[in-house]
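>>> here is the input, now give the coordinates:
(chains A and B, ligands or ions: 2)
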Amino acid sequence: MATTETPIVKRSLFSWIFPGNLKLQGSLLFIIILTVAARLLPLEMQRRIVNEAIKLRSIDLLLIYCGIFLGAVILASGLKYLINVLQTLIAQRTTARLRKGLYRHILNLPLNFFRNTQPGTVVNALTNELTVPGNFVGMAIAAPVTNVMTLLAFAGYLFWLNPLLAAVSLSIYPLVVLLVPLLQKRANRANKKRVDAARKFSSKIAESISGIHEIQGNGAYEFENRKYAGLVDKLLKIRIVWSLYRFGVKQANNFFTGLGPFLVFLLGGYLTIKGQLELGALVAFLSAQEKLYNPWKELIEFYQVYQDGRVNYDRTMEYFDVEPEHEIAPEGRDPLELDGSLEIRDLSFVTENGIRLLDGINFSLKSGEHMALVGFSGSGKSTLALCIGQLYKYTSGHVLIGNSEVSDLTKKDVVNNVGIVAQSPFIFEGTIKENLLYACIAANEGDGSGQDKSLPTLDDMIAVLHQAGIFIDVLRFGLNAIFTPEQNKELISSLLRVRQNFQRGFGENLADYVEFFDEDKYLYYSSVAENLTFGTPTRDAFDVTNLPQNEYFLRYLDESQLTRPLLGLGAQLARQTVDILRNLPPEEVFYEQSPIAPEELDEYKVLVKRLKKTKLHQLSPQDRSKLLELTLRFVPGIHKMVSLPEILENLILEGRALFKEKISAENPEAFTFFQMSQYIHSETILNNIFFGKLKTVSPQAQDKIDTSIVQLLIEEDFLEKIVEIGMDFQVGSRGDKLSGGQRQKLAIARALLKNPRILIMDEATSALDNKSQSRIQNLLETRWKGKSTLIAVVHRLDIIKNYDKVAVMKAGKLGEIGTYDDLIARKGMLYELEFGKQ
Amino acid sequence: MNSNSVNNKGTPSCEFQENLDMLRQIDFFSALPLEVAKVFAYLCTREIFKTGDYLFQQDEDDGQAFYIISGKARLLHKEDGQELIIRDYETGSFFGRLALMGNMPRLFSMIAVTDVTCLTITRQKFLKAINQFPDQMPRIIKAIVETIQAWEKRFLTHRTENCEACMHKIGVSLV
Ligand SMILES: Nc1ncnc2c1ncn2[C@@H]1O[C@H](COP(=O)(O)OP(=O)(O)O)[C@@H](O)[C@H]1O
Ligand SMILES: [Mg+2]
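Ligands and ions are numbered 1, 2, ... in the order given. Sure, this is the predicted structure:
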């Protein structure tokens, strides 16, 4: 269906007026006719009131005419409101339709298009530039019809009143009609420039935000600010010019129409004095003439919206007027199930600028064969992979998958048979699971068969997580998740069982890495607040963030003589932390070990300055509360800038006992204390199993802990459940919460889950450590060889020995191809790549 | 009014302060001004390696430098399944300077032969921090250059007789 429609970028702005809006526009027309009538009535009433009611001194007539007058005014404004409603409806619906249509079109555009198009450009087009065209479509019927009809009606009425006066006062309008387009032409020129400048401007913003790591890493703030300021200033200049012309149009119009009454007074006054015109008629004429002004102004405004809308629309559509290279889905047949064989004949790829990136490539692979593609960077490996995957449209030669020419296939055919792991794979915001299922969901959607193929099961997903080597990572995400209290009663009781078994089986072994919750010991890896309360608050008032203001808690601190020493510690913490972090940027590396958050630093800087001049007990309640907040967060095992004095440690331990006593007696509902038999809802699953906290994040500790935990979870038949929880981990925008290696592994898992006939991996393991890389290599050799055809662009030569074929690319040509042993024996290019020039 | 060190008197000195004292004894950091050294001392972490744990392993790019606070670690090289013992590192040794500067899969492994406590800093933290003080980079580079030069000089002076074959491969300081 998409094929027969005109592509959105070829449609004219006018084509949006009726299609899809027919009913709304029709109703509009009808209402408009009523409105014009309702507008005319008051004029006639006015005349009659003066000429008949007042002249005849008839109160009855006066009341009747005034009643009709009032009714007409109410009706007219009601109808006007209705027109506005309909107009808005049409405008907004059209804008939405434009946005959807253009987005759909843009997603299909060739990759090459996006080499020169920044995300910001697209964002700007879809958000800003389409609103005015939408508004135009909303007004397209209502504004001209209402206003022209009103104008004509009033003009006719004027002629009927007094043809001479009418002709004179209307003589101004042709002048305006001549002048306005001249000014508007200049405004349009400025507007075109504005659209282009706004596009660049949005691109710049999008670029800086995506490159924020690099900017902050290089401290390139000034440099970036300068670039940005340059664009802003340019846009500013253009916008000023544009606005001035637009005001010019308005002003010229105002000026000339303002001359109308002047002419009427001059001529009409003369005629009345001479007795050739009744006073009532002059009044009527004057007010009718004034009424011309509004519709005319609206017409001019409409004209401006039309011009702006046209420019925005044309400029935007022109920019995106590129044809998609391939059809989305086949028509009249199911997507093809291709055989996994691959044949490449005389394949060349020449860019628009005539650069030959691939040059006469020939090779073939039988279904299930694995080929490694090697060569210097820039030799065209990725280009070749993209051509095979139909992401680039090759310019000559043939790529045959299962004997079908790739450039003749639809996207759907290729997608259903080919899986690609890109050189820098993209991870979408959402959960691990959503990313994992991405390819499968897309492949299942609208494949013509009409029925939903079922999605992979949990077992399938876990299997690919294993294969891609990201299983442990996902397990860790699961272990680090925090449950909401009501969720999963069953789960919680099983977790408590796991905790007991853990203590029995592993407690001692891992004591070096875990600090167990112990009512009689100070917890160096928990905060002062946790050390005092030794429990989880169930009331908001006792939440850590509220404790420094909680009267009950403050009184308790006083009673147990903790206030002064805690404030003292807080002051020391603030001083030391501010001293270290003073000049560092708000990046996570610098704040991992800080009790002060980046956004609070300035506040504490000021506080520290005040501390120099003020004694602790003289501080304002707010400052004391700030210091106390800091102390309550203090975790000696993490925040190493101050040490916890032994005296205070003992005081806190005493305070803990006191707190428990006090709360149990006075407020037993407010806390659940840490107990072996209780799940701690504020802590992660892992900490709950430990009944304690991890002391270190070092890799060797991680490994040991992983092994024990996995063993335990398997025994309890609980592993899958935790992995399932881990799959709900939110990966952050662009997968920023994952490491580079994890992103790559996730991308591999995503492709494997699809189980494609042909798998293309472009340096898919480049960010992985050796172990993970060999794992995946092994897996490909044992599980996938013979089943799926594989083309792997490989940057490390030590993993290519077992490939069926190795192809060496050099400057866009296929230098040599054969088995690893043959090529090495031949002492050609591969030999040179591996051992250097001899 | 009270400077930090005075402040800490009487109370046990904190880990940050101890780290700072240690860094000031390491050539790599000792030339840095106090302001900068403080940041590194803050970013360091202590790690405990049990006997038999690896500090790092051959072929892996762990990107860390280590200062041995206590204990003994052994440098190994694996080749064709054979493990060659190279030498031991003891309390006070600092190694891994180059791993801080850029990606570098290890050519050796290091194993703890007693329980070892280390001060470590990762490449990521090091680079982020040094980026904040670009004018300190020359000092760091100078320290590295001197270390490499001293190393090879020591090798040339103390080499034993049966080293003829390796003599043709020396000259790391020329890279
Ligand atoms: N569409 C394109 N237009 C212009 N140049 C391109 C295009 N695609 C790739 N290139 C250039 O072609 C060369 C080969 O790129 P690529 O296939 O990515 O190499 P490899 O993957 O082997 O490192 C590079 O110099 C790259 O800049
Ligand atoms: Mg490439």
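
>>> state the number of residues packed around residue 23.
Defaulting to chain A. Burial measure for residue A:23: 8 neighbouring residues, criterion other C-beta atoms under 10 Å in any protein chain shown. Using the backbone N, CA and C atoms, a C-beta is placed for each residue, glycine as well.

>>> ah, no, chain B please
For residue B:23, the neighbour count with other C-beta under 10 Å is 21.

>>> could you say which helix or strand holds the residue lying closest to it once chain neighbours are set aside?
Residue nearest to residue B:23 in three dimensions, not counting chain neighbours: residue B:29, with 4.3 Å by C-beta to C-beta, 6 or more residues apart in numbering or on different chains. Following DSSP states H and E, the helix or strand that holds residue B:29 is helix B:27-30.

>>> other residues contacting that helix?
Helix B:27-30 is contacted from outside by B:23, B:24, B:37, B:40, B:65, B:94, B:97, B:140, B:143, B:144, B:146, B:147, using C-beta atoms under 8 Å, 6 or more residues apart in numbering or on different chains.

>>> of those, buried ones?
For the contacts of helix B:27-30, burial is judged from neighbour counts taken by 16 or more other C-beta atoms under 10 Å in any protein chain shown, and it is met by B:23, B:37, B:40, B:65, B:94, B:97, B:140, B:143, B:144.

>>> what does the pLDDT read for the closest residue to ligand 2 within chain B?
When distances are taken as C-beta to the ion, chain B reaches nearest to ligand 2 at residue B:103, 18.3 Å away. On the pLDDT scale, residue B:103 is placed at 86.

>>> how about it, nearest residue that isn't a chain neighbour?
Computed as C-beta to C-beta, 6+ apart, the closest residue to residue B:103 that is not its neighbour in sequence is residue B:61, at 5.7 Å.

>>> residues contacting that neighbour?
For residue B:61, the contacting residues are A:769, B:99, B:103, B:104, B:105, B:106, taking C-beta under 8 Å, 6+ apart as the criterion.

>>> by mean pLDDT, flag the weakest helix or strand of chain B.
Taking mean pLDDT, DSSP states H and E as the measure, helix B:4-8 is the helix or strand of chain B with the lowest mean score, a mean of 37.

>>> quick one: name whatever helix or strand follows that one.
From helix B:4-8 onward toward the C-terminus, using DSSP H and E, the following helix or strand is helix B:15-23.

>>> now do the same end-to-end measure for stretch A:814-824.
From the first residue to the last, stretch A:814-824 extends over 16 Å; the measure is C-alpha to C-alpha, to the nearest Å.

>>> can you check stretch A:118-132 too?
The straight-line separation of the ends of stretch A:118-132 (C-alpha to C-alpha) is 22 Å.

>>> list the buried residues for it?
Of the residues in stretch A:118-132, those scored as buried under the neighbour-count criterion (16+ other C-beta under 10 Å) are A:118, A:120, A:121, A:122, A:124, A:125, A:126, A:129, A:130, A:131, A:132.

>>> one more: stretch A:205-212?
Residues of stretch A:205-212 classed as buried: A:205, A:206, A:207, A:208 (neighbour count, 16+ other C-beta under 10 Å).

>>> and the last one, what's its pLDDT?
Just to be clear, that refers to residue A:208. The confidence metric pLDDT takes the value 88 at residue A:208.

>>> what about it, which SS state?
helix (DSSP: H, G, I helix; E, B strand; the rest coil).

>>> and the residue nearest to it when sequence neighbours are not counted, how many neighbours?
Counting by C-beta to C-beta, 6+ apart, residue A:224 is the residue found nearest to residue A:208 once chain neighbours are left out, at 5.7 Å. Each residue near residue A:224 was counted by other C-beta under 10 Å, and the total is 18.

>>> residue A:224 and residue A:214 touch, don't they?
No: shown here, residue A:224 and residue A:214 do not form a contact pair, counting by C-beta atoms under 8 Å, at 9.7 Å.

>>> and the strands in the chain, which stretches?
I'll assume chain A. A:342-350, A:356-365, A:370-375, A:396-401, A:404-405, A:418-421, A:514-516, A:535-537, A:671-673, A:692-694, A:758-762, A:789-793, A:805-810, A:813-818 (DSSP state E).

>>> switch to chain B, that's the one I care about
For chain B, the strands defined by DSSP E occupy B:45-49, B:54-56, B:64-70, B:73-79, B:82-89, B:94-95, B:109-112, B:116-122.
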